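> Just the structure for this:
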Amino acid sequence: MEPSISIIIPVYNAEKYVSTCLDSVLAQTLPYLEAIVVDDGSRDSSREIIKQYAAKDDRIVPVFQDNAGPSTARNRALKMAKGEFVAFLDSDDWVEPDAYKEMYNAAIDNNADIVFTSLIWEYDGTGENRIQHYSAPPNRPLTKETIKDVILTDFLYNGAYGQVCKLFRKSLLEENGITFPEGKSLGEDWLFNMEAFTYCNSAFYIDQPYYHYRKSNNTSLMRRYNPELFDSYINHNTLEKYSKRWGLYNEKVAIDLARRKCFIAVNGCIQNEFKPDCKKSMREKLQLISNIVNHPDVQSAAHLSLQHERHLQKKIYLMMLKQKWRDPNK
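Residues are numbered from 1 along each chain as shown. Model (predicted):
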């Protein structure tokens, strides 16, 4: 019998957690499922652990590949998936036993393209956790209009909807060519979800925390240099493009996105250049900072924000941002 759902689990150096993840999958009360576990070139014992689980239970479908990133791993599994629905589970997370049964039943009973649940943030090594709820109306079908007014609007302001704790109708993804963007290490799940909800005709939110999302307390991850940050935050104007595509772009959204670009994106990109593992020379760092500040989209965002800013300190910052920075190499 074909599986009802395919659970896609990319794995990379997850020997510490992957057993907990797979145990939670095998404990599911939904009778027919498959778990496509893609080892993305792990250098630890993850691959051997996966082989052991696959040998004991044929619901585990092991895939082994050279390291190519989580997007490539997920896309490969998507092509293999046999289920009517697909779900994504990170290898360091775990789910409650009834998670996929409840999500699958909600999808069938309400003809939903996407079903999602609340989740629990598990702060690794602390014993502390926090439940995250969503602003969508719970436990009733969500129409395309509600998806636009609530979920897509949430994407613009807090990007709260990642790919985890969700069930996607596979035909929704296939018919609209929705896959994970490869070659990106920042925001690939966010982009995937914006595409999925763009085409989603009906959704359903279960306000129960079935998914445990492990949050590392390793502060070194926050200090790690990301060479893609400038392109991701500033160069692509992703939120502006999607807000126009969704018919949500107006003066308020334009001002809010401009302020976010000036106060969050610019500062984040500049701070990124001074993280300990950034190997650029000081001249190279100053060059990129010049490129950031002089970027046409940053300049227009600063101009728009300045027109609506009331706080003196922020006005001074925006006025400084509007000044063209001299190329340090000239």
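> Alpha carbons of the longest strand seen in the chain, in CSV - could you do that?
The longest strand of the chain (DSSP state E) is strand 203-215. Extracted in CSV, the C-alpha atoms of strand 203-215 (Å, rounded to 0.1, in the frame of the first residue of the first chain):
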residue,chain,number,x,y,z
ALA,A,203,-5.1,25.6,4.6
PHE,A,204,-5.8,24.4,8.1
TYR,A,205,-4.1,25.4,11.4
ILE,A,206,-4.1,23.0,14.3
ASP,A,207,-3.3,24.9,17.4
GLN,A,208,-1.5,22.1,19.2
PRO,A,209,2.3,22.0,19.6
TYR,A,210,3.1,18.7,17.9
TYR,A,211,6.5,19.7,16.6
HIS,A,212,9.6,20.1,18.9
TYR,A,213,12.0,22.5,17.3
ARG,A,214,15.5,22.3,18.8
LYS,A,215,17.1,25.7,19.3
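> Which residue is the nearest non-sequential neighbour of residue 272?
Spatial nearest neighbour of residue 272, excluding adjacent residues (CB to CB, 6 or more residues apart in numbering): residue 229 at 4.8 Å. Glycine gets a C-beta too; all of them are placed from N, C-alpha and C.
> Who are the packing partners of the longest strand of the chain?
Counting contacts by 3 or more CB pairs under 8 Å, 6 or more residues apart in numbering; DSSP states H and E, strand 203-215 packs against strand 94-95, helix 99-110, strand 114-123, strand 128-132, strand 141-142.
> if I look at the residue nearest to residue 272, how far off is residue 122?
Noted for residue 229: a distance of 27 Å to residue 122, by CB to CB, to the nearest Å.
> Mean neighbour count, mean pLDDT and distance to residue 74 added to the helices and strands packed on strand 203-215, as JSON lines?
As requested, those are exported to JSON lines (neighbours: other CB atoms under 10 Å; pLDDT from 0 to 100; distance: least, CB to CB, whole Å):
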{"stretch": "strand 94-95", "mean neighbour count": "23", "mean pLDDT": "98", "distance to residue 74": "17"}
{"stretch": "helix 99-110", "mean neighbour count": "20", "mean pLDDT": "98", "distance to residue 74": "17"}
{"stretch": "strand 114-123", "mean neighbour count": "21", "mean pLDDT": "95", "distance to residue 74": "16"}
{"stretch": "strand 128-132", "mean neighbour count": "12", "mean pLDDT": "93", "distance to residue 74": "22"}
{"stretch": "strand 141-142", "mean neighbour count": "20", "mean pLDDT": "97", "distance to residue 74": "25"}
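> Wait, residue 47 touches residue 66, no?
No. Residue 47 is beyond contact range of residue 66, at 11.8 Å (criterion: CB atoms under 8 Å).
> Between these two, point out the one with more neighbours.
residue 47 (18 against 8; other CB atoms under 10 Å).
> residues making contact with whichever helix or strand that one is part of?
Using DSSP states H and E, residue 47 maps to helix 46-56. Residues from elsewhere that reach helix 46-56 (CB atoms under 8 Å, 6 or more residues apart in numbering): 11-15, 18-19, 22, 26, 37, 39, 60-62, 64, 91.
> Between which two of those is the distance greatest?
13 and 26 (21.8 Å; CB to CB).
> More neighbours: which of those two?
It is residue 13, of residue 13 and residue 26, that has more neighbours when counted by other CB under 10 Å, with 17 against 14.
> Can you give me every residue that contacts the more buried one?
For residue 13, the contacting residues are 42-44, 46, by CB under 8 Å, 6+ apart.
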